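**Student:** structure for this input, please:
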Amino acid sequence: MFQNLEIIGKMLKFHPDSHFGIVDNLSRSQNENLLANINGSYDNFLILSTPFHLPNSTQDVFSQKKYYEEGNFLDIVLKNKEDIVSKKIKLIFFFVDWWGFCNNKEKSGELSGNLVSYDIYKWIYNHLKNANLLKYAVFSSPVSIDDTFVYKEFPIIDYHESFNRYFAFKDLMVDLDSTTFKKFIFTLNRRPRPHRLYSFYKLFQLGIINDMKYTFHFYDETMSTTEDKLNYLNHYLKQWDIDDVDTNILDYYNTQSLDDTYNVKQDNQYIDEAVKLNIESKDCFLEVVNEYNCSDTKTFLTEKVARSIVMRKPFIVLGDRNSLAEIKKMGFKTFDSFWDESYDSLPTAKERIDSAIRTIADLYNSDWQSGYSKELKDTIEYNWNHYYDNYYNSEVKKLERIFK
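**Tutor:** Sure, this is the predicted structure:
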């Protein structure tokens, strides 16, 4: 919840009844800084997002779907209807995570990758239409709107909040200009999602763990014994057609090869942590990005890919289908001129990871220690400049549409 946020250049008073899905310090300060430069006609905003403040259950993963499906959010909205209609308060649905809508390839309530999708956008539309409030509301989501039905009177603004979290770091993420590399891969894994378990295990099978800088943690205090962890691995890896798990992997799961002072469990995306990761990555040739989700139907890019861009690392993305295609649509370049990226469009997460691992194996057998070619370096620099220039400006325009 944001109230009476005093920020440089302007006072933005977020309505006391609002709840905002942005909870980490970097996201909050970043959006405050951007909003400070928007000269709109509103001083108060009723901002509704994923209702993390409500009780959760395993049947309703993080969506608390009754809040939107049954229109419970209207209790707050209707209480402020007079001020919304008179334009004293702007009503904004500002989703910052996976949940928000279903595209034409999804069904509400079905598992999409590791996550459940819900058509919150359609639920909100129906309730607002019945309340004659559609023209006073704005809907924003960070997820790709490809293949999505959008109501003309209730457009979706695809503001990529999590991908944009490094906007404030332009002067901090310096080019350390490594000419040679001691490690092959830089890869971070905070939560042990199934696709991360599988991809990490495949990297282990390649025998390149000692040429990696990585994090991988369980964060599950109930798994206190080796047997508990092995049962966990067997359970999830079996879903990826691995029946005989090499128990030596346990020496690498639930650990990290980064400096111990980096607290990956806390996952604080603050300046100190970002600078520390920038320094840690300088010795590594390639970042393998294990993204938030591994959907076959919808693409969601987060700060994990953006981090590679601002740290000036070439990347291979293990996540949603067509992630690289989405990156290109945003104006960035990927690395199909340097290695095989056909994995990006394969129909299943397993096929994408297996294909990407083959690309990684080929690169590992190349002369990666000798540094980047001029052409590869030019692509890296192009992406860095684009992130802080044309792409930044395009996202600010979207933010203006949301908050003006």
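**Student:** use CA for all of it now, contacts and neighbours both
**Tutor:** Fine.
**Student:** check what pLDDT the residue nearest the centre of the chain gets.
**Tutor:** Closest to where the C-alpha atoms of the chain average out (C-alpha atoms, centre = their mean) is residue 302, at 2.2 Å. Per-residue confidence (pLDDT) for residue 302: 93.
**Student:** next: the one 10 residues further on.
**Tutor:** Residue 312 carries a pLDDT value of 95.
**Student:** now residue 77
**Tutor:** Note for residue 77: predicted pLDDT of 95.
**Student:** could you count how many residues lie near it?
**Tutor:** By other C-alpha atoms under 10 Å, 21 other residues sit near residue 77.
**Student:** list the contacts of it.
**Tutor:** Contact analysis of residue 77 by C-alpha atoms under 8 Å, 6 or more residues apart in numbering lists 46, 91.
**Student:** same check on the one 10 residues further on?
**Tutor:** Residues counted as contacts of residue 87 (C-alpha under 8 Å, 6+ apart) are 42, 136.
**Student:** is it true that it lies in a helix?
**Tutor:** No. If the criterion is DSSP: H, G, I helix; E, B strand; the rest coil, then residue 87 is coil and not within a helix.
**Student:** measure it to residue 80 for me?
**Tutor:** 11 Å (C-alpha to C-alpha, to the nearest Å).
**Student:** what sits in contact with each of these two?
**Tutor:** By C-alpha under 8 Å, 6+ apart, no residue touches both residue 87 and residue 80.
**Student:** any low-confidence regions in this protein?
**Tutor:** Residues of the chain that meet the criterion pLDDT under 70 lie in 1-16, 19-39, 57-63, 218-222, 260-271.
**Student:** tell me where it has strands.
**Tutor:** 5-7, 10-14, 44-48, 89-94, 111-112, 115-116, 137-140, 156-157, 183-189, 212-216, 255-256, 284-290, 315-318 (DSSP state E).
**Student:** now those in CSV, with distance to residue 401?
**Tutor:** Shown next, in CSV, are the strands of the chain (distance: least, C-alpha to C-alpha, whole Å):
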stretch, distance to residue 401
strand 5-7, 20
strand 10-14, 16
strand 44-48, 14
strand 89-94, 11
strand 111-112, 29
strand 115-116, 29
strand 137-140, 9
strand 156-157, 8
strand 183-189, 34
strand 212-216, 38
strand 255-256, 42
strand 284-290, 31
strand 315-318, 30
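**Student:** let me have the ones you listed in JSON lines, extended by distance to residue 400 and mean neighbour count.
**Tutor:** Output for the strands of the chain, formatted as JSON lines (distance: least, C-alpha to C-alpha, whole Å; neighbours: other C-alpha atoms under 10 Å):
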{"stretch": "strand 5-7", "distance to residue 400": "16", "mean neighbour count": "13"}
{"stretch": "strand 10-14", "distance to residue 400": "14", "mean neighbour count": "18"}
{"stretch": "strand 44-48", "distance to residue 400": "13", "mean neighbour count": "23"}
{"stretch": "strand 89-94", "distance to residue 400": "12", "mean neighbour count": "24"}
{"stretch": "strand 111-112", "distance to residue 400": "31", "mean neighbour count": "16"}
{"stretch": "strand 115-116", "distance to residue 400": "30", "mean neighbour count": "18"}
{"stretch": "strand 137-140", "distance to residue 400": "11", "mean neighbour count": "22"}
{"stretch": "strand 156-157", "distance to residue 400": "11", "mean neighbour count": "20"}
{"stretch": "strand 183-189", "distance to residue 400": "33", "mean neighbour count": "23"}
{"stretch": "strand 212-216", "distance to residue 400": "37", "mean neighbour count": "22"}
{"stretch": "strand 255-256", "distance to residue 400": "41", "mean neighbour count": "16"}
{"stretch": "strand 284-290", "distance to residue 400": "30", "mean neighbour count": "25"}
{"stretch": "strand 315-318", "distance to residue 400": "30", "mean neighbour count": "24"}
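**Student:** nearest to residue 397, out of these?
**Tutor:** Nearest to residue 397, of all these, is strand 156-157, at 10.5 Å by C-alpha to C-alpha.
**Student:** sheet partners, orientation included, of the closest one?
**Tutor:** strand 137-140 (parallel) (DSSP bridges).
**Student:** sorry, back to before: nearest spatial neighbour of the residue nearest to the centre of the chain, chain-adjacent residues omitted?
**Tutor:** Distances taken as C-alpha to C-alpha, 6 or more residues apart in numbering place residue 163 nearest to residue 302, at 4.4 Å, with adjacent residues excluded.
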